[in-house]
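>>> any chance you could fold what I've pasted below:
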Amino acid sequence: MTLFYFWTLEIPVFLMKKKYFVIITAAHLLLVSADLLIYDYGIGSDALRYLSAANDFASFNFSGMSPAMHCNTAPGYPLFLAATKLITWHKPLMIALIQSLLFCMALYYLLVTLFVKGYFSYPMCVVAYALALFSPEIFQTNAMLLTESLCASALLLSCGCLVSGLQKKYTTLLFVISVCFMVLTKFEYILALPLLLFPLISKKKYKPAVATVFFLMVALSLNGWKNYLLFEKASPFSFGSGSAMYGGNNRNGDGSWHFTEKSFDYLPAGSKENYLATLQLDAQCRCLEQDSLFKAWVKDSWKNNAGFQLKIIPLKFLKLWLIPASMDFYTRMTEFTSGLQLKILFDDTIWPWYGKYKHAFYLIVYWLYAIIIVAGFAIKLLQDKFRSADLFVLLLFLFLSFLYSTFFYGLGRFHVPIFALFVLYSAFTIKYLDARWFKSAIFTRLNRLNENQKINR
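Here you go, the predicted structure:
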């Protein structure tokens, strides 16, 4: 079964008018295309790794895989790129359109299940769909060759399956696939597995839970076998966690990952020679040695000055949630200072003349989204009881915040996978404003149009 079933399978077609969803989807694809063509993100170092790994998978060139490309690369996104290569030919625009369509289908499926279960009205679904797909956080991320778009789609799909109750075999299959791809795309999300399985266990749906764990173990075992072939070390994950953990717990106190070769001041004092020595090794040994070295430095950072590292946690939290996904200006910095350093975004000596205006626009839009999301969550709780779904979303927020504010480093795009879930709450704010200022004119009209479709059918 393909994801295109979302538009028809097991859903009473007369329940929801699809016209507006199609229009919004088309507009979203235009936004993605325009954003990619205007800003020309190019193919960065991360994207090159993903494409190289995808080519290995697509050609079944397991014996000739590059250790350098697979060292800190989770296989989920490269597998997706390999599976769609015949359609995309690994052209950035085509990849962006395919992963955007996948995101749209996953979001649509979640909204349909919320509608069928009576949690969302038709106008709420349309508004939430539009707010999510017109958000720069979503359409800019969908335009990039990065893992966040696929991870977000997998999370939305798994949530839609949970809301549906996994009453059909195909929903169980979709849930297993989505969870496996989510973890294989971002290994740290395996820590969220208990949260995803708890709704099933609480309802005594043990078979889907067991199937999910089983197939995830199979997938991780296959990845461990691949790592054994490449590095002679059977790790089920990748070897990039050391670098990511040191980024968030480095000695400079800025809570960000940086390119080591751009400034060796990023490294602990007296460790430059140790790091340079790893560069003389072949790719296989260098991967393992650098991972071990970074993990040792993380351990030393906490052992020598735990209080200093604890003070950085709030900064990493703010970098995670206050900075839009497209503004990763910390990574390339060579001077390390604590704080958000937002003034850099408005420095005319660094950016083109329009840079400060562009950054101001996207910051304002993102912060407005954050405000209406928080307001929508509060309105929802005031108008309706605190449901298990609300607890699930809140726990996801706490999980992601804890993960990237402690173990790893804070970066705006890391919040994208669960941002679309949060945007659903903004529909409650729009509904409130519509009732307050327009006497519910917008929601009433949308609901009437949908009711007319039912009558006509």
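
>>> pull the longest helix from this structure.
With secondary structure taken from DSSP state H, the chain has its longest helix at helix 355-383.

>>> which secondary structure elements does it contact?
The contact analysis (3 or more Cβ pairs under 8 Å, 6 or more residues apart in numbering; DSSP states H and E) places helix 355-383 against helix 136-142, helix 306-322, helix 388-402, helix 416-437. No exception for glycine: its C-beta is placed from N, CA and C like everyone else's.

>>> so which bits of it are buried?
By neighbour count on 16 or more other Cβ atoms under 10 Å, the buried set for helix 355-383 is 359, 362-363, 366, 369-370, 372-373, 375-377, 379-380.

>>> hmm, back to that, how about the helices and strands packed on helix 355-383 in a markdown table, adding distance to K295?
Converted to a markdown table, these look like this (distance: least, Cβ to Cβ, whole Å):
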| stretch | distance to K295 |
| --- | --- |
| helix 136-142 | 29 |
| helix 306-322 | 15 |
| helix 388-402 | 19 |
| helix 416-437 | 25 |
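
>>> buried stuff in whatever helix or strand F214 lives in?
Using DSSP states H and E, the element containing F214 is helix 206-231. Using 16+ other Cβ under 10 Å as the test for burial, helix 206-231 gives P208, A209, A211, T212, L216, A219, L220, N223, K226, N227, L230, F231.

>>> rewinding a little: please identify the most buried of the helices and strands packed on helix 355-383.
Of all the helices and strands packed on helix 355-383, helix 136-142 carries the top mean neighbour count, a mean of 25, counting by mean count of other Cβ atoms under 10 Å.

>>> helices or strands up against that one?
So helix 136-142, by 3+ Cβ pairs under 8 Å, 6+ apart, packs with helix 19-39, helix 92-116, helix 148-164, helix 355-383, helix 416-437.

>>> closest one to E335 among those helices?
helix 355-383 (19.0 Å; Cβ to Cβ).

>>> show me the contacts for Q383.
Contact partners of Q383, counting by Cβ atoms under 8 Å, 6 or more residues apart in numbering, are F428.

>>> just the pLDDT for the spatially closest residue to Y409 that is not a sequence neighbour.
Residue nearest to Y409 in three dimensions, not counting chain neighbours: G248, with 3.4 Å by Cβ to Cβ, 6 or more residues apart in numbering. You'll see G248 listed with a pLDDT of 93.

>>> mind telling me what element L340 is part of?
Residue-wise, L340 maps onto no helix or strand under DSSP H and E.

>>> which stretches of the stretch 151-300 of the chain form strands?
Here the stretch 151-300 of the chain has no strands by DSSP state E, counting those that start in this stretch.

>>> what ranges do the helices span in it?
169-185, 193-202, 206-231, 241-248, 272-278, 283-304 (DSSP state H, counting those that start in this stretch).

>>> surely the residue nearest to Y409 and G410 touch.
Yes: between G248 and G410 there is a contact at 7.0 Å, judged by Cβ atoms under 8 Å.

>>> quick check: neighbours shared by those two?
With Cβ under 8 Å, 6+ apart, G248 and G410 have common neighbours G255, S256, K316, Y404.

>>> next, the first one: phi, psi?
Right, G255. Here is the backbone geometry of G255 (degrees, to the nearest 10): phi 60, psi 30.

>>> now swap in the second one and tell me
Listed backbone geometry of S256 is phi -130, psi 150, with angles given as degrees, to the nearest 10.

>>> do you know how far it is from R49?
20 Å (Cβ to Cβ, to the nearest Å).

>>> these two: which is more packed in?
S256 (24 against 21; other Cβ atoms under 10 Å).

>>> which residues are contacting stretch 422-439?
So stretch 422-439 is contacted by 111, 114, 120, 123-124, 127-128, 131-132, 135, 138, 369, 372-373, 375-377, 379-380, 383, 393, 397, 440-443 (Cβ under 8 Å, 6+ apart).

>>> who's in contact with the closest residue to S164 other than its chain neighbours?
Nearest non-adjacent residue to S164, counting by Cβ to Cβ, 6+ apart: T113, 4.7 Å away. The contact partners of T113, by Cβ under 8 Å, 6+ apart, come to G160, C161, V163, S164.

>>> hang on, isn't the second one packed against S178?
By that I understand C161. Yes: with contact defined as Cβ under 8 Å, C161 and S178 form a contacting pair (6.9 Å).

>>> so between the two, which is more surrounded?
Set C161 next to S178 and count neighbours by other Cβ under 10 Å: C161 wins out with 28 against 23.

>>> for the more buried one, give me its contacts.
T113, T171, T172, L174, F175, S178.

>>> ok so, going back, would you turn the buried residues of helix 206-231 into JSON lines with distance to A143 and pLDDT?
Listed next are the buried residues of helix 206-231 as JSON lines, based on distance: Cβ to Cβ, whole Å; pLDDT from 0 to 100:
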{"residue": "P208", "distance to A143": "34", "pLDDT": "95"}
{"residue": "A209", "distance to A143": "35", "pLDDT": "96"}
{"residue": "A211", "distance to A143": "34", "pLDDT": "97"}
{"residue": "T212", "distance to A143": "31", "pLDDT": "97"}
{"residue": "L216", "distance to A143": "29", "pLDDT": "98"}
{"residue": "A219", "distance to A143": "28", "pLDDT": "97"}
{"residue": "L220", "distance to A143": "30", "pLDDT": "98"}
{"residue": "N223", "distance to A143": "28", "pLDDT": "96"}
{"residue": "K226", "distance to A143": "29", "pLDDT": "94"}
{"residue": "N227", "distance to A143": "31", "pLDDT": "95"}
{"residue": "L230", "distance to A143": "31", "pLDDT": "93"}
{"residue": "F231", "distance to A143": "33", "pLDDT": "94"}
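
>>> want to throw those into CSV with distance to F62?
Output for the buried residues of helix 206-231, formatted as CSV (distance: Cβ to Cβ, whole Å):
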residue, distance to F62
P208, 31
A209, 31
A211, 27
T212, 26
L216, 21
A219, 16
L220, 17
N223, 12
K226, 7
N227, 12
L230, 9
F231, 14
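
>>> pick out the most distant pair among those residues.
P208 and F231 (33.8 Å).

>>> pLDDT weak spots in this structure?
For the chain, applying pLDDT under 70 flags the ranges 1-15, 451-457.

>>> how about 80 then?
Applying pLDDT under 80 to the chain flags the ranges 1-16, 40-42, 61-63, 439-440, 448-457.

>>> for the residue nearest to S100 when sequence neighbours are not counted, give me its contacts.
Leaving out its chain neighbours, the residue that sits closest to S100 by Cβ to Cβ, 6+ apart is N142, at 4.1 Å. Applying Cβ under 8 Å, 6+ apart to N142 gives the contacts H28, V32, A96, Q99, S100, F103, S149.
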